[in-house]
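Visitor: This is the structure alone, sequence omitted:
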């Protein structure tokens, strides 16, 4: 979905207007941080990845096709930056403690209503977690989920469907 005034802001940003670029991307920083944190599991790494993605978006703004919405384009840049970070040698070496963080979160809040769901989502493969996160947590429509993941709409729909099917057996039903 293209928001009203987005085309004018894009043109101004292409001419070098910092405020126009900030208006285009500014409201997307929070969802970008949540996506990066979900992908990387480390707040500091997520913040760095989003900062780098903002810089890349500024440099690649001319590649944003007319009529293409900014949100999926920017979130795709964030997702790609997170993938680059995860492929990095230092990230693989340092990121040993991730399961401990999840376990400590559970220990701190054992009465959490969402704990079963969180555990089940944590057990999903990364690509399924990303599809679920984009669709349900960020509330993106399937066409934008597809754009962020770099797949077709039917592939994005399939990932969300398969991830939901994988989640069902791992989540205990509430007693009524």
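Guide: Happy to help now that I have it. Bear in mind the structure is a predicted one, so any value in this text is a computation, not a measurement.

Visitor: how close does the closest residue to residue 70 other than its chain neighbours get to residue 13?
Guide: Spatially, and ignoring its direct neighbours in sequence, residue 70 is nearest to residue 24 (5.3 Å; C-beta to C-beta, 6 or more residues apart in numbering). The C-beta positions use only the backbone N, C-alpha and C, and glycine is treated the same way. Noted for residue 24: a distance of 6 Å to residue 13, by C-beta to C-beta, to the nearest Å.

Visitor: quick revisit: quick check: buried residues in whichever strand or helix holds the residue nearest to residue 70?
Guide: If you go by DSSP states H and E, residue 24 is part of helix 18-25. Across helix 18-25, burial judged by 16 or more other C-beta atoms under 10 Å covers 20-21, 23-25.

Visitor: Need those residues in JSON lines (columns: distance to residue 79 and pLDDT).
Guide: Below are those laid out as JSON lines (distance: C-beta to C-beta, whole Å; pLDDT from 0 to 100):
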{"residue": "20", "distance to residue 79": "24", "pLDDT": "86"}
{"residue": "21", "distance to residue 79": "20", "pLDDT": "88"}
{"residue": "23", "distance to residue 79": "22", "pLDDT": "88"}
{"residue": "24", "distance to residue 79": "18", "pLDDT": "86"}
{"residue": "25", "distance to residue 79": "15", "pLDDT": "89"}
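
Visitor: who's in contact with residue 20?
Guide: When contacts are counted by C-beta atoms under 8 Å, 6 or more residues apart in numbering, residue 20 touches 9-10, 12-13.

Visitor: quick one: it from residue 68, how far?
Guide: Separation of residue 20 from residue 68 (C-beta to C-beta): 17 Å.

Visitor: Same question for residue 138.
Guide: Applying C-beta to C-beta, the value for residue 138 to residue 68 is 18 Å.
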